[in-house]
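Trainee: model this:
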Amino acid sequence: MASIDRRGLFRAAGAVGVGAVIGPALTGTSYAAPTEQSLTQADFLDQNPSWRVKPFALDQVTLQDGTVFAQKRDRVLAFAVAYPADRVLHNFRVTAGLPTPAGSSPPGGWDDATGNLRGHYSGHLITLFAQAYASTRQAVFRDKVDYIVAELGKCQDALAASGLYSHPGFLAAYPETQFVRLESFATYPTIWAPYYTCHKIMRGLLDAYLLAGNEQARDIVTKMGDWVHSRLSVLPRETLNRMWSIYIAGEYGGMNEVMADLHAITGEERYLAAAKCFDNRQSLFGACVEDRDVLTRLHANTHVPQFLGYLRVFDQSDEPEYYEAAENFWRMVVPHRMYAHGGTSGTWPATPDLAGNTNAELFQPRGNIANSIAGNGAETCTSYNLLKVARNLFFHDPDPTYMDYYERTLLNHILGSRRDVDSTTNPSVTYFLPLTPGSVRGFGNTGTCCGGSGLENHTKYQESIYFRSAENDALYVNLYVGSTLHWAARGFTVTQVTDFPRQEESTLTITGEGWLDIHLRIPSWATGFRVYINGTERRGQMEPGTYLRLRRLWHTGDTIRVSLPFQLRVEKALDRPDTQSIFNGPILLPALSADPAYRQFSLYKDVKLDGGLGHAITPAGGGTFTTNGHTLRPLYVGDTQAQHIYFRRHEPTVVFGTHDSGVPNRAGADGTTLLDAVWAAAPFPNHDRFIGEVRRVSIRWAEEGRLTGDERQAVMSAAIAARDDLSS
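Mentor: Purely as a prediction, here's the structure:
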């Protein structure tokens, strides 16, 4: 396909009128201008008294052009500009008995004309348009939102007038049958996650209200909330428990989240009561409150968004068990079920104590990483939801660990989930981002769950770059992403200029006057972190995995330059230390290869006294590296080349430089080899200090029966002989 001029496309859309991009129902003007909005996203985010840290609204932060984030976003925005609004509405109109415009068709995929999930992708598209409007203020997106909402209002009215439904607030792209059958415990695929689909529609409408200012959307979604309450409030707790425990059929996405949000917006207690109806008390809620890990073999993305909802219920009710459940759940997943790119869920073979699994959407056993790298694995919308949980836990407890996870997953899994091609007809996002050696990413996913959340992922990159304290006296810089923060309440504008992660520094320029604490996140990988204020280096401890507090009276033109030198490093799988991945700073570097067998890499033979991997893994330009005859390239590069996210470390004998002792590089019970133990003490200021460490480790290995006396002597001889190799 020919290259698309995305900015030109946006300009053209505005110039010719929205009818050209929305469909035949429009004639060139907005379909229905909303009334003056009573609640903005910024107001909504500000009203939660339990949050110690609060986010900024999407429209308060703009992305810098030219960064990898902006490039991925712009490709999705081009898709959004071209997408016909009548396709979003098609299945709703059919269900409501309303005419469809000539040539109209459903979104497709799982959201086709007859599928049991129709309507879910339309909900994601409404969120896409609302986020796009909040981020760009392009009229084309506002017009799409207003048109879709007005037409959905007609569908809701028609469904109510038919007298066929249990409550006049019902709105869906299929009849009420699936919801009725769920209450009789019908199973998948007879029905398919009706409340999951309902959540996507309600979330889209809430976003239309909060992000695009459409008051009618608030009215429609409130009526839907009344319908939800009317169905669930009369059901016994035992029935609800069983419903939510039915595989796939009982999946409800974040219904508890949207119902709690409705309570926050309206103050109506029935919505909070309905949110609590979604407590998954038979399957997981109670276990997480008690910190019992029962996740293995549960469907990952069924459960992750439930915990965002529990946090929302806690925000509205202050009942501690909801927070405890979410926090405990989080720590069961990260790091115990987290792959290198931040994703989770995978297949695993049978073992003497655990049956095997071929469904890559299920949580793997705790601590089972290397043994579950197979099949597809790592569903993208599970990472989408884990990011939401991490972000919301941070609001209550600003622990840098949450932002370390957020950065890892955003820079690797999420950026890597969008193909680097232009298309106005294909979302070009992943379902799974697979980990199997030699695997290829599959892009596309029109109408799938990850296809929908993928559209959202790339139009809200700015949402967690900056947070603020609840008292508005502190700014948190969480991510080093080129952007501008407009903080009108404090009279500050903060402009961050960087091409991170393709650049290893960032400069923030302040506009405004006043006292302010600025908390700079020092990533856990950033051992060489440096800060310069107006060109002068700030002295003091720079501890990775913390926030650095800068308190001063700021003036217009003040600058903060942050240096974040990347270092090459390996990460070991929790359950098998020889199964590793390579990172450059925060960036995961898969090896390009279509061979399905694990690549075996030896690295220690090239390591010098500084202990770094720069001699074993060498730069090859454009952010790529080479090692052991393979090209390593950032995962965020979105194409279909086969790759290996994990490799097998192969260090069979104790080797220093070119001197091979011939002694097996034996490991202890924890998988640490002799070479691992020696190089863990690097850097060494000189060769004598290195020899001292080899002596210390080899004595310990001999005392523990892993080296004979002769072998220990051979190790020492090789270390001594390698003086020139290790110093060069």
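
Trainee: contacts and neighbour counts: CA atoms only from here.
Mentor: Noted.

Trainee: quick one: low-confidence parts of the stretch 151-300 of the chain?
Mentor: The model of the stretch 151-300 of the chain has no residue with pLDDT under 70.

Trainee: Isn't Thr222 up against Asp261?
Mentor: No - using C-alpha atoms under 8 Å, Thr222 makes no contact with Asp261, being 10.5 Å away.

Trainee: show me what contacts Ser581?
Mentor: By C-alpha atoms under 8 Å, 6 or more residues apart in numbering, the contact set of Ser581 is Ala340, Val570, Glu571, Lys572, Leu588, Leu589, Pro590, Ile645, Tyr646, Phe647.

Trainee: what sits opposite it in the beta ladder?
Mentor: For Ser581, the beta-bridge partners are Glu571 (DSSP bridges).

Trainee: Return the distance of it relative to Tyr339.
Mentor: Separation of Ser581 from Tyr339 (C-alpha to C-alpha, to the nearest Å) stands at 10 Å.

Trainee: Equivalent analysis for Val221, please.
Mentor: Counting by C-alpha to C-alpha - Val221 and Tyr339 are separated by 37 Å.

Trainee: okay, the contacts of Ser581 in a markdown table with neighbour count and distance to Cys198 next?
Mentor: Formatted as a markdown table, those follow (neighbours: other C-alpha atoms under 10 Å; distance: C-alpha to C-alpha, whole Å):
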| residue | neighbour count | distance to Cys198 |
| --- | --- | --- |
| Ala340 | 23 | 33 |
| Val570 | 16 | 43 |
| Glu571 | 15 | 40 |
| Lys572 | 19 | 41 |
| Leu588 | 27 | 36 |
| Leu589 | 27 | 39 |
| Pro590 | 26 | 38 |
| Ile645 | 26 | 36 |
| Tyr646 | 29 | 38 |
| Phe647 | 20 | 42 |
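
Trainee: can you tell me which of those residues are in strands?
Mentor: The members of the contacts of Ser581 that map onto strands under DSSP state E are Val570, Glu571, Lys572, Leu588, Phe647.

Trainee: Looking at those, which is nearest Gly447?
Mentor: Leu588 (28.8 Å; C-alpha to C-alpha).

Trainee: Please name the bridge partners of the closest one.
Mentor: Under the criterion used (DSSP bridges), Leu588 bridges to Phe583.

Trainee: shouldn't it be in contact with Ile582?
Mentor: Yes - at 6.1 Å, Leu588 counts as touching Ile582 under the criterion of C-alpha under 8 Å.

Trainee: Flag every buried residue along the top helix by length along the chain.
Mentor: Counting residues, the longest helix found in the chain (DSSP state H) is helix 139-162. Buried residues in helix 139-162, counted by 16 or more other C-alpha atoms under 10 Å: 139-160.

Trainee: any weak-confidence spans in the chain?
Mentor: Ranges of the chain meeting pLDDT under 70: 1-37.

Trainee: What residues does the residue nearest to Leu603 when sequence neighbours are not counted make contact with?
Mentor: Computed as C-alpha to C-alpha, 6 or more residues apart in numbering, the closest residue to Leu603 that is not its neighbour in sequence is Ala616, at 5.4 Å. Taking C-alpha under 8 Å, 6+ apart, we find Ala616 in contact with Leu603, Tyr604, Lys605, Asp606, Val607, Thr627.

Trainee: could you redo the residues you listed as CSV and give each row distance to Cys450 and secondary structure?
Mentor: Shown next, in CSV, are those (distance: C-alpha to C-alpha, whole Å; DSSP: H, G, I helix; E, B strand; the rest coil):
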residue, distance to Cys450, secondary structure
Leu603, 37, coil
Tyr604, 40, helix
Lys605, 43, helix
Asp606, 42, helix
Val607, 42, coil
Thr627, 33, strand
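
Trainee: Highest neighbour count among those residues?
Mentor: Highest neighbour count within the contacts of Ala616: Tyr604, with 22 neighbours (other C-alpha atoms under 10 Å).

Trainee: The residue nearest to Leu603: what secondary structure?
Mentor: When classified by DSSP: H, G, I helix; E, B strand; the rest coil, Ala616 comes out as coil.

Trainee: Ramachandran coordinates for it?
Mentor: Listed backbone geometry of Ala616 is phi -90, psi -30, with angles given as degrees, to the nearest 10.

Trainee: So it versus Ile560, what's the distance?
Mentor: Counting by C-alpha to C-alpha, the gap from Ala616 to Ile560 is 34 Å.

Trainee: And Gly514, by the same measure?
Mentor: Counting by C-alpha to C-alpha, the separation of Gly514 from Ile560 is 16 Å.

Trainee: more crowded one of the two?
Mentor: Taking other C-alpha under 10 Å, Gly514 and Ile560 do not tie; Ile560 has more neighbours (22 against 13).

Trainee: What strand or helix carries that one?
Mentor: Element membership for Ile560 (DSSP states H and E) is strand 559-563.

Trainee: Tell me the helix or strand right after the longest helix of the chain.
Mentor: Assigned by DSSP H and E, the successor of helix 139-162 is helix 177-182.

Trainee: Quickly note the distance from Gln316 to Thr222.
Mentor: In terms of C-alpha to C-alpha, Gln316 sits 17 Å off from Thr222.

Trainee: Neighbour count for those two, which is higher?
Mentor: Thr222 (22 against 19).

Trainee: what sits against the more buried one?
Mentor: Contacts of Thr222 by C-alpha under 8 Å, 6+ apart are Gly169, Leu262.

Trainee: what about it, helix or strand, and which?
Mentor: helix 215-232.

Trainee: Now do the contacts for the residue nearest to Gln641 when sequence neighbours are not counted.
Mentor: Leaving aside its chain neighbours, Gln641 sits nearest to Val440 (6.1 Å; criterion: C-alpha to C-alpha, 6+ apart). Contacts for Val440 (C-alpha under 8 Å, 6+ apart) come out as Pro434, Thr640, Gln641, Ala642, Gln643.

Trainee: Need the three-state assignment for Leu485.
Mentor: strand.

Trainee: What segments of the stretch 551-700 of the chain are helices?
Mentor: Assigned by DSSP state H, counting those that start in this stretch, the stretch 551-700 of the chain shows helices spanning 674-679, 687-703.

Trainee: What of the stretch 401-550 of the chain?
Mentor: 449-457.

Trainee: Next SSE downstream of the helix or strand where Leu45 lies?
Mentor: Following DSSP H and E, one finds Leu45 within helix 41-46. As assigned by DSSP H and E, the chain's next helix or strand after helix 41-46 is strand 53-55.

Trainee: how far is that next one from where the chain is centred?
Mentor: 18 Å (C-alpha atoms, centre = their mean, to the nearest Å).
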